[in-house]
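Asker: here is my input; please provide its structure:
(2 chains)
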Number of protein chains: 2
Amino acid sequence: MTATNPTACLLVIGNEVLSGRTQDANIRFLATRLGELGIPMREVRIIPDVPQTIIDTVNEVRAKFTYVFTTGGIGPTHDDITSECVAAAFGVPWEPHPEAWARMERSYPPGGFNAARQRMATMPRGATLIDNALSVAPGFQIGNVYVMAGVPRVMQSMFDWLAPKLQGGPRVVSRAVHAIGLAEGLIAEGLTAVQARYPELDLGSYPFYRPTGNGVSIVAKGTDAAKAEAAIAEVTTLIADLDRTPVQGEPPE
Amino acid sequence: MTATNPTACLLVIGNEVLSGRTQDANIRFLATRLGELGIPMREVRIIPDVPQTIIDTVNEVRAKFTYVFTTGGIGPTHDDITSECVAAAFGVPWEPHPEAWARMERSYPPGGFNAARQRMATMPRGATLIDNALSVAPGFQIGNVYVMAGVPRVMQSMFDWLAPKLQGGPRVVSRAVHAIGLAEGLIAEGLTAVQARYPELDLGSYPFYRPTGNGVSIVAKGTDAAKAEAAIAEVTTLIADLDRTPVQGEPPE
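Answerer: Coordinates of the predicted model:
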């Protein structure tokens, strides 16, 4: 199924990203995968483990975007408060989820499913589970909010399970050309004109600094591959006219 | 000088981060450096190159946080719209900045300071410049908003120049202990009690997955080093009581 221009927002919940302790690895993964599904990520917010901030932010963004994904804060410790905050945002009780509870209880030796782990099977009323291949603790969905783990490999496993169930929109394709030795200030005027001729495309200009040389990449994105190719062909001519050598695609890493 | 509990918000402006094309490298750098200055980063938003979104977001967060930093969107191309949007947010004209203009004009050969590059010397009225050692194009400050480049090495150079001029708060210190083979679900109850005894600290629990072994790090953060050390000493005892081997500090990468 395809939806009409669905949008996504990601909430990264956790003091550890805001303090610089942890390098986030989830934003780029989800941005890329959602883009491939035709669900462009339109905003990311990284917020701290503060209940009212989480509650208010969830309520703000779930009204603004088609899909809201959260990462982080669903473990067993005192600083894992995402689940209870999402319940509060939806104004529903936070209570044992029978299926999650049964699964987790089975997976621990007698006495191992302690109070802390029981919190991981406690969810907003009405939540449905998001499975994953790596951990017995599930994420969950309620309304348009998808609550996932913060540990990248667990989050990725949850998203793999979830992806086929999401309703994407038209697939965005991208075409690119780059040139070593090109300066943005030289090509900017020409690019403005190309962008004006292709208003349905998103034309981006990105300087790069690589051991193999500095230069600029020009990327055209849109749902019409032929138009993206035509725009990049025009940019390729612009680059050649500046006596630089255009090379199709993005520069090697 | 120290301020009373200053806070920071970072706006990462650019479609390329939201599309997954670019891995952000600025969030962690700024989170770490601002934390060292006693200016904790309390929120990050990654937003697209959409004028009204930039304007509204700047106005929302400059009212909520002591400092707002932006990265991205100050180059010469059509998709670089941060500067004019910040002018609109402040309700001031966007006009040539005499000093930036003169500097940039001097740095190009005759005819090289073209219309695209002139945009980089066009700023909100009342802006003051943020210098950097790498590029002739400066960032700028207006009110509590600091507008910086998106290219990490240029942004870092701008922040190096800026850092001594910011008014920090009490320095936050962190102490940590970790243990291989420790599960969060086992230590969670004890940690809750330690956190309750040290309400002025922020006690975080972070599972890790390393080639050398999986385990959990416990990090105590706060402005009182003695209290952070005392809390970590209590956690160290908890870990030993669980028959795991506590090791001071964070696990090696």
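Asker: separation between the closest residue in space to A:V136 that isn't next to it in sequence and chain B?
Answerer: Nearest residue to A:V136, sequence neighbours excluded (CB to CB, 6 or more residues apart in numbering or on different chains): A:S107, at 4.3 Å. The C-beta positions use only the backbone N, C-alpha and C, and glycine is treated the same way. Distance of A:S107 to chain B, computed by CB to the nearest CB, to the nearest Å: 11 Å.
Asker: how many neighbouring residues does A:S107 have?
Answerer: 13 (other CB atoms under 10 Å in any protein chain shown).
Asker: got it, and A:P170?
Answerer: By other CB under 10 Å, 14 other residues sit near A:P170.
Asker: do the same with A:T71
Answerer: 31.
Asker: try A:G213
Answerer: For A:G213, using other CB under 10 Å, the count is 13.
Asker: what's the closest non-adjacent residue to it?
Answerer: Sequence neighbours aside, A:I180 is the residue nearest to A:G213 in space, at 3.9 Å (criterion: CB to CB, 6+ apart).
Asker: pretty sure the one you found sits against A:V216.
Answerer: No - using CB atoms under 8 Å, A:I180 makes no contact with A:V216, being 9.1 Å away.
Asker: ranges for the strands of the stretch 101-250 of chain A?
Answerer: A:122-124, A:128-130, A:139-142, A:145-148, A:173-180, A:202-210, A:213-222, A:247-248 (DSSP state E, counting those that start in this stretch).
Asker: among those strands, which is nearest B:A149?
Answerer: Closest approach to B:A149 among those is made by strand A:202-210 (9.9 Å; CB to CB).
Asker: could I get the buried residue list for that closest one?
Answerer: A:D202, A:L203, A:G204, A:S205, A:Y206, A:P207, A:F208 (16 or more other CB atoms under 10 Å in any protein chain shown).
Asker: and the pLDDT at the nearest residue to A:V235 once chain neighbours are set aside?
Answerer: Setting aside the residues directly before and after it, A:V235 is nearest to A:I218 in space (CB to CB, 6+ apart), at 4.8 Å. On pLDDT, A:I218 comes in at 97.
Asker: just give me the neighbour total for A:I218.
Answerer: Based on other CB under 10 Å, the number of other residues close to A:I218 is 29.
Asker: which residues are in contact with it?
Answerer: Shown in contact with A:I218 (CB atoms under 8 Å, 6 or more residues apart in numbering or on different chains): A:A176, A:V177, A:H178, A:I187, A:L191, A:L203, A:G204, A:S205, A:Y206, A:I232, A:V235, A:I239.
Asker: what's the closest of the residues you listed to chain B?
Answerer: In terms of CB to the nearest CB, no member of the contacts of A:I218 lies closer to chain B than A:S205, at 4.0 Å.
Asker: now do the contacts for the closest one.
Answerer: A:E184, A:I187, A:A188, A:L191, A:V216, A:S217, A:I218, A:V219, B:G75, B:T77, B:H78, B:D79.
Asker: same deal with A:R210?
Answerer: Residues near A:R210 by CB under 8 Å, 6+ apart: A:P251, A:P252, A:E253.
Asker: for the first one, pull up the helix or strand it's in.
Answerer: Going back to what we said before, that points to A:P251. In the assignment (DSSP states H and E), A:P251 maps to no helix and no strand.
Asker: shouldn't it be in contact with A:P211?
Answerer: No - taking contacts as CB under 8 Å, A:P251 lies outside contact range of A:P211: 10.8 Å.
Asker: where do the contact lists of these two overlap?
Answerer: Here A:P251 and A:P211 have no joint contacts, going by CB under 8 Å, 6+ apart.
Asker: the two - which one has more neighbours?
Answerer: Set side by side, A:P251 and A:P211 show more neighbours around A:P251, with 18 against 5, by other CB under 10 Å.
Asker: dihedrals phi and psi, that one?
Answerer: phi -70, psi 150 (degrees, to the nearest 10).
Asker: residues touching it, list them.
Answerer: Here A:P251 is in contact with A:H178, A:I180, A:F208, A:R210, A:T212, A:G215, A:S217 (CB under 8 Å, 6+ apart).
Asker: so who does the first one touch?
Answerer: For A:H178, the residues meeting the contact criterion (CB under 8 Å, 6+ apart) are A:F208, A:G215, A:V216, A:S217, A:I218, A:P246, A:V247, A:G249, A:E250, A:P251.
Asker: what ranges do the helices span in the stretch 1-150 of chain A?
Answerer: A:15-18, A:26-36, A:51-64, A:82-90, A:98-107, A:115-119 (DSSP state H, counting those that start in this stretch).
Asker: which one of those lies nearest to B:N144?
Answerer: helix A:15-18 (18.5 Å).
Asker: and that closest one, average pLDDT?
Answerer: Mean predicted lDDT for helix A:15-18 stands at 94.
Asker: could you list the low-pLDDT ranges of chain A?
Answerer: Along chain A, segments meeting pLDDT under 70 span A:1-3.
Asker: returning to that earlier point: ok, A:I180 and A:V216, which is more surrounded?
Answerer: Shown here are A:I180 and A:V216; by other CB under 10 Å, A:V216 has more neighbours (26 against 15).
Asker: quick one, what contacts the nearest residue to the more buried one once chain neighbours are set aside?
Answerer: Among residues not flanking A:V216 along the chain, A:L182 sits closest, at 4.5 Å (CB to CB, 6+ apart). A:L182 is in contact with A:G215, A:V216, A:I239, A:L242, A:R244, counting by CB under 8 Å, 6+ apart.
Asker: switch to 6 Å and redo it
Answerer: A:G215, A:V216, A:R244 (CB atoms under 6 Å, 6 or more residues apart in numbering or on different chains).
Asker: can you list the residues you listed in a markdown table and add distance to B:M148?
Answerer: Below are the contacts of A:L182 laid out as a markdown table (distance: CB to CB, whole Å):
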| residue | distance to B:M148 |
| --- | --- |
| A:G215 | 22 |
| A:V216 | 20 |
| A:R244 | 28 |
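Asker: kindly indicate which of those lies nearest A:Q118.
Answerer: A:V216 (54.5 Å).
Asker: and that closest one, bridged to which residues?
Answerer: A:V216 has these beta-bridge partners by DSSP bridges: A:A179, A:P207.
Asker: what parts of chain A come near chain B?
Answerer: A:15-16, A:18-20, A:23, A:28, A:31-32, A:35, A:41, A:43-47, A:75-79, A:116-117, A:184-185, A:188-189, A:191-192, A:195, A:204-205 (CB under 6 Å from any CB of the partner chain).
Asker: quick check on these: which are buried?
Answerer: Buried among the residues of chain A next to chain B by 16+ other CB under 10 Å: A:15-16, A:18-20, A:28, A:31, A:35, A:41, A:43-47, A:75-79, A:116-117, A:184-185, A:188, A:191, A:195, A:204-205.
Asker: so which of the contacts of A:L182 is the closest to chain B?
Answerer: A:V216 (8.8 Å).
Asker: what's the distance between the residue nearest to A:R125 when sequence neighbours are not counted and chain B?
Answerer: Of all residues not flanking A:R125 in the chain, A:V92 sits nearest, at 4.4 Å (CB to CB, 6+ apart). Taking CB to the nearest CB as the measure, A:V92 falls 24 Å from chain B.
Asker: quick check: the residue of the stretch 151-253 of chain A nearest chain B.
Answerer: A:A188 (3.2 Å).
Asker: that residue contacts B:Q118, doesn't it?
Answerer: No - A:A188 is beyond contact range of B:Q118, at 10.3 Å (criterion: CB atoms under 6 Å).
Asker: that older thread, can you list the contacts of A:P251 in CSV and add distance to A:T128?
Answerer: CSV is the format used below for those (distance: CB to CB, whole Å):
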residue, distance to A:T128
A:H178, 44
A:I180, 51
A:F208, 43
A:R210, 45
A:T212, 49
A:G215, 48
A:S217, 41
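Asker: check contacts around A:L134.
Answerer: Per CB under 6 Å, 6+ apart, neighbours of A:L134: A:V154, A:S157.
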